[in-house]
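Student: kindly generate the corresponding structure for this input.
(2 chains)
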Number of protein chains: 2
Amino acid sequence: MKNANPPLLENLIERLARLPGLGRKSATRLALHFLRQPEDDVRELAGALTEVKEKIKFCSLCHNFTDEDPCPRCTDTRRDRSIICVVETPGDLMALDASGIFNGLYHVLGGALTPLSGIGPDDLKIAELLNRIDQSGTGEDNPPCREILLATGSSPEGETTATYLAERLKERGIIVTRLARGIPIGVDLEYVDGATLRQSLEFRREL
Amino acid sequence: MKNANPPLLENLIERLARLPGLGRKSATRLALHFLRQPEDDVRELAGALTEVKEKIKFCSLCHNFTDEDPCPRCTDTRRDRSIICVVETPGDLMALDASGIFNGLYHVLGGALTPLSGIGPDDLKIAELLNRIDQSGTGEDNPPCREILLATGSSPEGETTATYLAERLKERGIIVTRLARGIPIGVDLEYVDGATLRQSLEFRREL
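Tutor: This is a model prediction of the structure:
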């Protein structure tokens, strides 16, 4: 009489419990919720999941998730193409972009330098960033990149990454700025409110 | 430049944000998690979701979710068929069964009497419970039901339901018991720990 739940239901609960932020109890609640929902709703959620995996790729310029390459942000002519904001993850980019305070281009590194875990410059999209800068300024639609805004995290890894990038970028005679210390230490960029993000942009300083 | 996220990704985030216990931020985190996961893992989760909806139905005896009718609990000959535990929801049943302290049969009402919301006896599986009791005792594999253990919630609705059922059941000369007041008032049965559940079973009293 151990566990007489239908194996299909157990399978779903186990898969849900593996998701970040969910434990066994919340996974069970979710699974029972799905059983109560109209079949079409659940089918559409399942479809949305597989469709996202099939069709969402990385943009070859900014390395954010996109369904077309280059992505709509990179091809948006209303954006200021002379400044590139460098972030660690797509989540950071989404948080910053949702605040509506930055109208330049983005570059997603795919993480931060973490020597202890063996994550070095070659594991991040740093060569791609330098190449992007070198390729800028070659046409009317492609003005030179004048400023790099470093928006890596305020964690030690984010700071290390910013310091490393600042050195590599200043060799190229480019203005390098850093989001101001408005961001609470140790908090993911994703969780910072818009007002704090705005302040941190206003107080950015040249390195 | 409002929202340049791929529409497919937005669609997934919106659907996830509608789930109980998830807001826009946790839905975004989950969606980005799925984008990082191997495609097979996500496809299997999506498959588990649709399969559960296609194949899980209600047991015609206990009215719990099942993939075969009658369900494995109802046909399990190792269970004590002379006692039926009445719960409000499948989640309650799963919580009680996971504690391993009850080895009888179950009956899921599908809710509690809530006159203010217009949920009356006909909206719950009460006639089905009475019928199950009347049909018991007709053969060797089907001993008479001697006791009904009322495990509806400790909320006013759960108490009302228990009182109503006790009256209806005692007319039939059956023993009616209620889980003891070991369960904290106002807390869902799903969230009660096994030790408290065990105590509440030990202290059940006849009504």
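Student: that's a helix at residue A:44, yeah?
Tutor: Yes - inclusion of residue A:44 in a helix is indicated when DSSP: H, G, I helix; E, B strand; the rest coil is applied.
Student: just give the nearest non-adjacent residue to it, would you?
Tutor: Of all residues not flanking residue A:44 in the chain, residue B:15 sits nearest, at 7.0 Å (C-beta to C-beta, 6 or more residues apart in numbering or on different chains). Bear in mind the C-beta positions are built from the backbone N, C-alpha and C, glycine included.
Student: residue A:191 now?
Tutor: Across the structure, with C-beta to C-beta, 6+ apart as the measure, the residue nearest residue A:191 apart from its sequence neighbours is residue B:25 (7.3 Å).
Student: scan chain A for its longest strand.
Tutor: In terms of residue count, the longest strand belonging to chain A (DSSP state E) is strand A:80-87.
Student: quick check: mean pLDDT of it?
Tutor: Averaging the model's pLDDT scores along strand A:80-87 yields 93.
Student: report whether it contacts chain B.
Tutor: No - using C-beta under 8 Å from any C-beta of the partner chain, we find that strand A:80-87 stays clear of chain B, coming within 10.4 Å at best.
Student: tell me the strands beside that strand, with direction?
Tutor: Sheet pairing for strand A:80-87, assigned by DSSP bridges, gives strand A:104-108 (parallel), strand A:147-150 (parallel).
Student: and the contacts of the helix or strand following the longest one?
Tutor: Secondary structure here is assigned by DSSP states H and E; on that basis, the next helix or strand after strand A:104-108 toward the C-terminus is helix A:126-135. Judged by C-beta atoms under 8 Å, 6 or more residues apart in numbering or on different chains, the contacts made with helix A:126-135 from elsewhere in the structure are A:61, A:63, A:84, A:86, A:107, A:109, A:121, A:142, A:145, A:148, A:165, A:168-169, A:172, A:174.
Student: I'd like the distance between residue A:18 and residue A:12.
Tutor: Counting by C-beta to C-beta, to the nearest Å, the gap from residue A:18 to residue A:12 is 11 Å.
Student: show me which of these two is the more surrounded one.
Tutor: When neighbours are counted by other C-beta atoms under 10 Å in any protein chain shown, residue A:18 and residue A:12 differ, and residue A:12 comes out ahead with 26 against 11.
Student: grab the nearest non-local neighbour of that one.
Tutor: When the adjacent residues along the chain are set aside, residue A:12 lies closest to residue B:48, with 4.4 Å between them (C-beta to C-beta, 6+ apart).
Student: dihedrals phi and psi, residue A:139?
Tutor: Summarising the backbone geometry of residue A:139 under the convention degrees, to the nearest 10, its torsions are phi -170, psi 180.
Student: circling back to that earlier point, lowest-confidence stretch among the strands paired with strand A:80-87?
Tutor: Taking the mean pLDDT of each of the strands paired with strand A:80-87, the lowest value is held by strand A:147-150, a mean of 92.
Student: tell me what whichever helix or strand comes after it is packed against?
Tutor: Sequence-wise, the next helix or strand beyond strand A:147-150 is helix A:156-170, with elements assigned using DSSP H and E. For helix A:156-170, the packing partners by 3 or more C-beta pairs under 8 Å, 6 or more residues apart in numbering or on different chains; DSSP states H and E come out as helix A:126-135, strand A:147-150, strand A:175-178.
Student: the last one: how far from the chain's middle?
Tutor: Same thing as strand A:175-178. Distance, stretch centre to chain centre, for strand A:175-178: 19 Å (C-alpha atoms, centre = their mean, to the nearest Å).
Student: what are the buried residues along that strand?
Tutor: Under the neighbour-count criterion of 16 or more other C-beta atoms under 10 Å in any protein chain shown, strand A:175-178 has A:176, A:177, A:178 buried.
Student: run through the bridge partners of the last one.
Tutor: The reference is to residue A:178. When bridges are called by DSSP bridges, residue A:178 pairs up with residue A:150, residue A:205.
Student: so what's the residue positioned nearest the centre of chain A up against?
Tutor: For chain A, residue A:90 is the residue whose C-alpha lies nearest the centre (C-alpha atoms, centre = their mean; 1.5 Å). Contacts for residue A:90 (C-beta under 8 Å, 6+ apart) come out as A:64, A:65, A:108, B:32, B:35.
Student: does residue A:43 touch residue B:50 like I think?
Tutor: Yes - between residue A:43 and residue B:50 there is a contact under C-beta atoms under 8 Å: 5.5 Å.
Student: return the most buried member of the helices and strands packed on helix A:156-170.
Tutor: Counting by mean count of other C-beta atoms under 10 Å in any protein chain shown, strand A:147-150 has the highest mean neighbour count of the helices and strands packed on helix A:156-170, with a mean of 22.
Student: ok, now how distant is the residue nearest to residue A:86 when sequence neighbours are not counted from chain B?
Tutor: On the basis of C-beta to C-beta, 6+ apart, the spatially nearest residue to residue A:86 that is not a chain neighbour turns out to be residue A:107, at 4.8 Å. When distances are taken as C-beta to the nearest C-beta, to the nearest Å, residue A:107 and chain B turn out to be 15 Å apart.
Student: might one say that residue A:107 is in contact with residue A:63?
Tutor: Yes - between residue A:107 and residue A:63 there is a contact at 6.8 Å, judged by C-beta under 8 Å.
Student: and for these two, which residues touch both?
Tutor: Counting by C-beta under 8 Å, 6+ apart, the shared contacts of residue A:107 and residue A:63 are A:125, A:128.
Student: quick one: low-confidence parts of chain A?
Tutor: Within chain A, the segments meeting pLDDT under 70 span A:1-3, A:180-185, A:199, A:203-207.
Student: kindly recompute the last result at 50.
Tutor: Along chain A, the parts satisfying pLDDT under 50 run over A:1-2.
Student: looking at residue A:107 and residue A:63, which is more packed in?
Tutor: In terms of neighbours (other C-beta under 10 Å), residue A:107 is the more surrounded of residue A:107 and residue A:63; the figures are 25 against 22.
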